[in-house]
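[1] Turn this into a model:
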Amino acid sequence: MSDNKQAAQAYWKENVRLLLILLAIWFAVSYGCGILFVDALDTIKIGGFPLGFWFAQQGSIYTFVVLIFVYTARMNTLDRKYDFHEE
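    So this is what the prediction gives:
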């Protein structure tokens, strides 16, 4: 197998691993904090509102935006590692 093909497979493997991790975080925050653990989180207040409500309304959106920036930064690092970056 050529070095380019091996590098491309390694790149893709790391890319998929990153995506799965970020999707798991996305799922945990949106479904877990917004639905499953809402009763436990509601015992904590932020700005006078229950934390479960806050996650369902705003916290998950902030988390999604942070995940976008994390994905961008990690992919830029991955692109440079495998020399797939843009000049």
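[2] And for stretch 10-19, what's in contact with it?
    Residues outside stretch 10-19 that contact it (Cβ atoms under 8 Å, 6 or more residues apart in numbering): 71, 74-75, 78, 81-82, 84. The C-beta positions use only the backbone N, C-alpha and C, and glycine is treated the same way.
[3] quick one: which two of those residues are the most distant?
    71 and 82 (16.2 Å; Cβ to Cβ).
[4] Can you tell me which residue is spatially central in the protein?
    Here the mean C-alpha position of the chain is nearest to the C-alpha of residue 22 (Cα atoms, centre = their mean), at a distance of 2.9 Å.
[5] was I right about that residue contacting residue 71?
    Yes - Residue 22 is within contact range of residue 71, at 5.8 Å (criterion: Cβ atoms under 8 Å).
[6] Can I get the buried ones among the contacts of stretch 10-19 as something I can paste into PyMOL?
    Filtering the contacts of stretch 10-19 down to the buried ones (16 or more other Cβ atoms under 10 Å) takes a single PyMOL command:
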select buried, resi 74+75+78+82
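[7] Which residues are in contact with residue 32?
    Residues near residue 32 by Cβ under 8 Å, 6+ apart: none.
[8] if I look at it, how far off is residue 26?
    Shown here: residue 32 relative to residue 26, a distance of 10 Å by Cβ to Cβ, to the nearest Å.
[9] ok, now residue 65?
    As for residue 65, its distance to residue 26 is 11 Å (criterion: Cβ to Cβ).
[10] Give me the more crowded residue out of those two.
    Counted by other Cβ atoms under 10 Å, residue 65 and residue 26 do not tie: residue 26 has more neighbours, with 14 against 10.
[11] Tell me the spatial nearest neighbour of the more buried one, not counting adjacent residues.
    Residue nearest to residue 26 in three dimensions, not counting chain neighbours: residue 67, with 6.1 Å by Cβ to Cβ, 6 or more residues apart in numbering.
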